[in-house]
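Participant: Give me a model of this one.
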Amino acid sequence: MDTLNTAELAHFLAQFEPFAGLDREELDALLAECPVERYAAGETPLNEDAAPAHHLFVILEGSMELDHDGEVVDVLGPGETFAEPSLLSGLAPVFTVRAREPSTCLLVPRAQALELYARPAGVALLARKLRHRLVQTGHTVHALPELGTIRVGDLVNRPPVFCSGGVTIRRAAETMSEEHRTAILVQDGPNLAILTDAVLREQVVAGGMSPENPVSRIVRPAVEVGPERIAVDAVVEMLDAGTDHIVVVDESRHALGVLSAADLAGLETRSPFALRHAILSAHDEDEVVAASRRLRGLFLALVDAGISALDVGRVLSLQVDSITTRLIELSIARRGPAPVPWAWLAFGSIARREFTLGSDVENGLAYADDGGEEADVYFARLGADVAAGLVRCGFEPDPNDVVASNPLWRMPAGRWVSTFRECLESPDRSHLIRANVSFDFRQVAGSLEVTPPLVATLREVRAHPDLVRRLARMATDFKTPLGRRGGLPDEVDLKKGASIPIANLARFFALSNGITISSTTSRLEAVRESGALDPETALSLREAFEVVAALRLAHHAEQLAANGEPNNVVQTATLAPLARAQLREALRAVQAAQKKLGVYVPLGL
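Facilitator: Below you'll find the predicted structure:
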């Protein structure tokens, strides 16, 4: 989109709401009022709590990240818009919007934007977008729990050492040695600089600078953080600045102490924030792979910190989302811009935000209906790139090849809707298998609005009794491994014998009652509140799901601690008596709920 002529811009805008309903004359008139702006990587068109927006921003090329309170909430690509809440309300932006790479935006003036959003399609789009960003922010916050309360001020145990900028490098180094320090500070008016061991090695030992030069010639600006800063997040600032020391300062910028990378060693592995930052800022696939290797350490830290099993699932799901998003971006950077709008879909446990290190990865891709064979070839390659990258990152692909590189799971958007509808109207075995996978879906990336029509189709499930009966049968097909007298066998596959049956039950109760939310516990809560499931059954299934999730994660942690690979099969004799009792009661709850489906499955269990 280098030329940015009116014809190309009009064709581009016509692919996206709220512009899709405009004719060519209306598009030309709109574009006559819209400037185009380019932003360098890191530049911020909008800043949280700053001046209100005066334009609607449409991303033409590149990508932008929405940042709230220092955390990336969403990543937007070509065709997506931002600034609506601030523009329409006249209030300060609720997000900082930052260019992730050199990016170009079309700026639609407020008057024209108001006309667009006053149309029925515009109102519906705005409602969907605001809902998505509210939900996305909530999920991101819940999926990034802080593991500790250690602040950098708590780690400072002695005051810093200073020298003047005029002393020789030799004398500054001698002072560092005498004081057993790895850094010394230089105060120059309001500015604070630092000399570290690393700089001495680089500039003097390796660089050949005479140690008789004044120290001011080699000092670097200090990275300053307040004493209340969480220590694990200070690591991110250290990494960003490319330094190995930070200076802790009070409100008056008075230096309280210096912390080195050694002082903070290991803390970055305990922070979901730091890991997600490393993933999203990775320069190439090798860096994504390197960052993903920290996921196991983060998982063990989450378990050790007592984070609930459900929250651990949310953390892991968000990290996999981040890895997938970055792999997509890197593929597009190599292969060039996508020919048409697209949407990357997650299925299964990731879609439900219940991912574990014993889960496999299921995904698909939808693209605009007018893409044709050229688009499919492009997205086949993108899907293959991401699939290969995920394998390198240590994730097992779905054994049934439910991946975007497979044409069965990569289709035009209209075909996705048709496929969902075929599952409703002709629920044979193949369609039922597809429904069991794809009915738990979530859009992870891309500007194509594929979610609304798919969700609308799911709301029709309860009007198709044959499908409802078959979903009930699927919810009873995975039997619990309890013996005739309700005893536990020697080993239990916690995924196949417990987690999957509960997820299938929750999916059945939700879809058969017009509820389209994806997570298992949210489904159970929604059907309970709607009166579609009695409170006792809903509560017992939720508690069972939490018990099984906790046992799975504890089992995975034990295997990782022993340098093994996580699986889902536990030897019941190795469980503590209380854990065995809880597992037995959880499986009984599942069995009891399955029996309630006898009205749909006449032959029973």
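Participant: For the nearest residue to Val219 once chain neighbours are set aside, which three-state class applies?
Facilitator: Distances taken as C-beta to C-beta, 6 or more residues apart in numbering place Ala193 nearest to Val219, at 3.8 Å, with adjacent residues excluded. Glycine gets a C-beta too; all of them are placed from N, C-alpha and C. With DSSP: H, G, I helix; E, B strand; the rest coil as the basis, Ala193 sits in strand.
Participant: Could you list the low-pLDDT ranges of this structure?
Facilitator: Along the chain, the parts satisfying pLDDT under 70 run over 1-4, 69-70, 135, 137-150, 232, 240, 265-270, 601-605.
Participant: now the helices for the stretch 151-300 of the chain?
Facilitator: Assigned by DSSP state H, counting those that start in this stretch, the helices in the stretch 151-300 of the chain fall at 152-155, 169-178, 197-200, 231-241, 272-280, 285-292, 295-304.
Participant: right, and these - which one's nearest Gly446?
Facilitator: When the helices of the stretch 151-300 of the chain are compared by C-beta to C-beta, helix 272-280 sits nearest Gly446, at 16.4 Å.
Participant: now that closest one against helix 295-304, angle please.
Facilitator: Going by axes from the mean of the first three to the mean of the last three C-alpha atoms, to 10 degrees, helix 272-280 is angled at 160 degrees with respect to helix 295-304.
Participant: How far does helix 272-280 sit from its chain's centre?
Facilitator: Offset of helix 272-280 from its chain centre (C-alpha atoms, centre = their mean, to the nearest Å): 10 Å.
Participant: which secondary structure elements does it contact?
Facilitator: strand 71-76, helix 231-241, helix 285-292, helix 295-304, helix 309-335 (3 or more C-beta pairs under 8 Å, 6 or more residues apart in numbering; DSSP states H and E).
Participant: for the helices of the stretch 151-300 of the chain, which one ends up most surrounded?
Facilitator: helix 272-280 (a mean of 23; mean count of other C-beta atoms under 10 Å).
Participant: coming back round to it: would you format the helices of the stretch 151-300 of the chain as JSON lines with distance to Arg507 included?
Facilitator: JSON lines is the format used below for these (distance: least, C-beta to C-beta, whole Å):
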{"stretch": "helix 152-155", "distance to Arg507": "46"}
{"stretch": "helix 169-178", "distance to Arg507": "63"}
{"stretch": "helix 197-200", "distance to Arg507": "55"}
{"stretch": "helix 231-241", "distance to Arg507": "37"}
{"stretch": "helix 272-280", "distance to Arg507": "28"}
{"stretch": "helix 285-292", "distance to Arg507": "29"}
{"stretch": "helix 295-304", "distance to Arg507": "26"}
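Participant: still on that earlier bit, mind checking which of the helices and strands packed on helix 272-280 is nearest Ile515?
Facilitator: Between the helices and strands packed on helix 272-280, helix 309-335 lies closest to Ile515; by C-beta to C-beta that is 18.7 Å.
Participant: so what's Ala183 up against?
Facilitator: Residues counted as contacts of Ala183 (C-beta atoms under 8 Å, 6 or more residues apart in numbering) are Pro160, Met176, Ile194, Leu195, Thr196, Asp197, His245, Val258, Ser260.
Participant: unless I'm mixing things up, the first one is touching Val247, no?
Facilitator: Yes. Under the contact definition of C-beta atoms under 8 Å, Pro160 touches Val247, with a separation of 7.1 Å.
Participant: Between the two, which contacts overlap?
Facilitator: Leu185, Ala255, Gly257, Val258.
Participant: Which among the residues you listed count as buried?
Facilitator: Listed as buried from these are Leu185, Ala255, Gly257, Val258; burial here means 16 or more other C-beta atoms under 10 Å.
Participant: Now for the nearest residue to Gln594 once chain neighbours are set aside, how many residues are close by?
Facilitator: In space, and not counting its chain neighbours, Gln594 is closest to Thr476: 4.7 Å by C-beta to C-beta, 6+ apart. Residues lying near Thr476 (other C-beta atoms under 10 Å) number 23.
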